[in-house]
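# my questions are about this predicted structure, shown below with the sequence.
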Amino acid sequence: MLTGCGVEPPAPYGPCPSEAQLRWQRMEMNMFCHFGPNTFSGREWGDGTEPEDMFNPTLLDCHQWAEVAKTAGMKGIIITAKHHDGFCLWPNPASDHTVRQCRWRDGKGDVLRELSDACGQAGLKFGIYISPWDRNAPTYGTPEYNETFRLTLENALTQYGDIYEQWFDGANGEGPNGRRQEYDWPLFNGTVARLQPQAVIFSDVGPGCRWVGNEEGRSGETCWSLLNTQGFEPGRSPAVDVLNEGEPDGTCWLPVETDVSIRPGWFYHADERPKSLQQLLSIYYTSVGRNSLLLLNVPPDTRGLIPVADSLRLFELRKALDSIFSHDLARDARVTASSFRGRDYRPSNVTDTQYHRYWAVDDSCLSPTITLSFDHPVTFNRIMLQEYIPLGQRVAQFEVEVMQGEDWHLLSRGTTIGYKRILLTEQTTTTALRIRFVECRACPVINRVALFQDNIYTGKL
């Protein structure tokens, strides 16, 4: 084995994640809760004329939401505090269309308070969705509305503790006065940054994380956490395929969030049923398994509870994921490489589960190989790869080979890796596996290579 001459860590390459973005990416899977007047009207987009008393979740229990999320392995919950209809789930002083105006809890209810408290007790992070479109606000479509929305944000972001993600929908339609709004995004983003500096801001183009470009649960097979955002804003974003795949020469670190609902709709509808376990596993592989965070919407019902069918499906998903990924077949492999940078960056780091250890090579080495060898044949059909993204995203093309007899045979190939890449392969038994890094934009830094056996998911991606 050859060793590299350098002992210093590789320098960061290109845009890199902030500490908040890295914490966010490592959450991997969070819950979205669409809840509001639409829950009771059966609509997806309310028009803002719904009477406040329509909102009446008589059995609301946010602790139940939090326990379901925690049991399902979620790390955080984002609630639709204000959807396009303008109704606020908290007593927002900047609006007259809130829980304060309805009979629920005698006008003293506050869903954000109950959910933020429940998340805190369950050890979950708390996030807020606030749509800038407001089909109820009389000032919508005028410059005055931007200040109203700033006050709305300011109130929501100062009353409920730490907010891990601020979710901005870019929807922009007519208001009650028949006019569209020119949103002041620098004002809105600046308000979030001032009041919740560690919050990751979601929109089509961030600035904290970006939309995946679809609502089907699919990140791109090529997925760069980089994007060029100059000239774009929420609602006026790059083409959906650019959002889906990112850009290798992007000037901003803007990782993907894949938002998809467990049901056909985003809000609860009594005649809808949750997706099957097979569908959810497919979504997991095409989101978390393709360098994306999965935000899975689980809508509470008219009682204010997560329905039993949805809860059971989530628990089934958690059990399946635990079964698939609980035993890393590469854990005891002997790991060698064509080169490495020095003792601190040795090849065996890739089978070490400590996140901040990684294998690295000298700066000039852009096409190294790393080999895992086994004392006894191993059988697997899933390969997990992870780059150490605090130093940037570097790998643009790689190949996986396995030893069959005395020869290497190509098993799989891919483009990007990023935070996490999970390859679905045919059932394979081998005594050695080799990864060839065919194209890298800088020397690769790899902190995980793992092998698993999935006997549950039967589909193909």
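It's in.

# partner strands of the host helix or strand of residue 257, with direction?
Here residue 257, judged by DSSP states H and E, is contained in strand 256-261. As defined by DSSP bridges, the strand partners of strand 256-261 come to strand 209-211 (parallel), strand 292-297 (parallel).

# and these: which comes nearest residue 395?
Residue 395 lies closest to strand 292-297 among the strands paired with strand 256-261, at 16.2 Å (C-beta to C-beta). Bear in mind the C-beta positions are built from the backbone N, C-alpha and C, glycine included.

# and the contacts of that closest one?
Applying C-beta atoms under 8 Å, 6 or more residues apart in numbering, the contact partners of strand 292-297 are 24-25, 27-34, 74, 78, 209, 212, 217, 219, 223, 255-263, 266, 280, 283-284, 287-288.

# what about these, which are in helices?
Among the contacts of strand 292-297, DSSP state H puts 24, 25, 27, 280, 283, 284, 287 in helices.

# if we can go back for a sec, tabulate the strands paired with strand 256-261 (JSON lines), appending distance to residue 49.
Below are the strands paired with strand 256-261 laid out as JSON lines (distance: least, C-beta to C-beta, whole Å):
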{"stretch": "strand 209-211", "distance to residue 49": "29"}
{"stretch": "strand 292-297", "distance to residue 49": "25"}
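
# how about those in a markdown table, adding mean pLDDT?
Shown next, in a markdown table, are the strands paired with strand 256-261 (pLDDT from 0 to 100):
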| stretch | mean pLDDT |
| --- | --- |
| strand 209-211 | 98 |
| strand 292-297 | 98 |
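
# quick one: closest of the ones you listed to residue 405.
Between the strands paired with strand 256-261, strand 292-297 lies closest to residue 405; by C-beta to C-beta that is 37.6 Å.

# so what's the gap between that closest one and the chain middle?
Strand 292-297 sits 4 Å away from the centroid of its parent chain (C-alpha atoms, centre = their mean, to the nearest Å).

# which strand or helix spans residue 155?
Per DSSP H and E: helix 143-158 holds residue 155.

# show me what that helix is packed up against.
Under the contact definition 3 or more C-beta pairs under 8 Å, 6 or more residues apart in numbering; DSSP states H and E, helix 143-158 sits against strand 125-130, helix 185-195.

# by contact count, what packs against the longest one?
Okay, so that is helix 185-195. When contacts are defined as 3+ C-beta pairs under 8 Å, 6+ apart, helix 185-195 sits against helix 143-158, strand 200-203.

# got the buried residues for the longest one?
Using 16 or more other C-beta atoms under 10 Å as the burial criterion, the residues of helix 143-158 that qualify are 145, 146, 148, 149, 150, 152, 153, 154, 155, 156, 157.

# how near is the nearest residue to residue 267 once chain neighbours are set aside to residue 88?
Of all residues not flanking residue 267 in the chain, residue 38 sits nearest, at 4.2 Å (C-beta to C-beta, 6 or more residues apart in numbering). Per C-beta to C-beta, to the nearest Å, residue 38 is found 14 Å from residue 88.

# look up the residues forming beta bridges with the residue positioned nearest the centre of the chain.
Taking C-alpha atoms, centre = their mean, the centroid of the chain lies closest to residue 293, which sits 2.1 Å from it. With DSSP bridges as the criterion, residue 293 is bridged to residue 257.

# may I have the phi/psi pair for the residue sitting furthest away from the middle of the chain?
What lies farthest from the middle of the chain is residue 406; by C-alpha atoms, centre = their mean that is 41.8 Å. Phi and psi for residue 406, reported as degrees, to the nearest 10, are phi -110, psi 10.

# what about it, distance to residue 432?
11 Å.

# please apply the same query to residue 129.
Applying C-beta to C-beta, the value for residue 129 to residue 432 is 48 Å.

# ok, residue 154 next?
59 Å.

# now residue 156
According to C-beta to C-beta, residue 156 stands 55 Å off from residue 432.

# tell me the SS of the residue nearest to residue 107 when sequence neighbours are not counted?
Distances taken as C-beta to C-beta, 6+ apart put residue 100 closest to residue 107, at 5.2 Å, once the chain neighbours are dropped. Recorded secondary structure, residue 100: helix (DSSP: H, G, I helix; E, B strand; the rest coil).

# residue 100 - how many residues pack around it?
Applying other C-beta atoms under 10 Å, we find 19 residues neighbouring residue 100.

# same check on the one 3 residues further on?
Residues near residue 103, counting by other C-beta under 10 Å, number 12.

# surely it touches residue 55?
No: counting by C-beta atoms under 8 Å, residue 103 does not reach residue 55; the two are 9.1 Å apart.

# domains in the chain, by residue range?
With domains defined by automatic domain parsing, the chain comprises 19-325, 334-452.

# the shortest one: end-to-end distance?
Same thing as domain 334-452. Start to finish, the residues bounding domain 334-452 are 17 Å apart (C-alpha to C-alpha, to the nearest Å).

# how far off centre is it?
24 Å.

# what do you get for stretch 192-211?
13 Å.

# quick check: buried residues in it?
192, 195-196, 199-211.

# just the terminal-to-terminal distance for it.
Taking C-alpha to C-alpha, stretch 192-211 runs 18 Å from one end to the other.

# and if you look at stretch 58-67?
Where stretch 58-67 begins and where it ends lie 19 Å apart, using C-alpha to C-alpha.

# ok, and the closest non-adjacent residue to residue 269?
Per C-beta to C-beta, 6+ apart, closest to residue 269 is residue 42, 6.0 Å.

# run a quick neighbour tally on the one you found.
Other residues close to residue 42 by other C-beta under 10 Å number 13.

# now do it against residue 183, distance only.
29 Å.

# surely residue 303 is in contact with residue 56?
No: between residue 303 and residue 56 there is no contact under C-beta under 8 Å: 9.9 Å.

# starting at the chain centroid, how far to stretch 450-460?
How far stretch 450-460 lies from its chain's middle: 21 Å, per C-alpha atoms, centre = their mean.

# what residues sit buried inside that stretch?
For stretch 450-460, a neighbour-count test (16+ other C-beta under 10 Å) marks 450, 451, 452, 453, 454, 457 as buried.

# what of stretch 248-257?
Those would be 250, 252, 253, 254, 255, 256, 257, for stretch 248-257 by 16+ other C-beta under 10 Å.

# likewise for stretch 15-31?
17, 20, 21, 22, 24, 25, 27, 28, 29, 30, 31.

# okay, those residues in JSON lines with distance to residue 112 and pLDDT next?
JSON lines is the format used below for those (distance: C-beta to C-beta, whole Å; pLDDT from 0 to 100):
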{"residue": "17", "distance to residue 112": "28", "pLDDT": "98"}
{"residue": "20", "distance to residue 112": "21", "pLDDT": "98"}
{"residue": "21", "distance to residue 112": "24", "pLDDT": "98"}
{"residue": "22", "distance to residue 112": "27", "pLDDT": "98"}
{"residue": "24", "distance to residue 112": "20", "pLDDT": "98"}
{"residue": "25", "distance to residue 112": "25", "pLDDT": "98"}
{"residue": "27", "distance to residue 112": "20", "pLDDT": "98"}
{"residue": "28", "distance to residue 112": "25", "pLDDT": "98"}
{"residue": "29", "distance to residue 112": "22", "pLDDT": "98"}
{"residue": "30", "distance to residue 112": "17", "pLDDT": "98"}
{"residue": "31", "distance to residue 112": "15", "pLDDT": "98"}
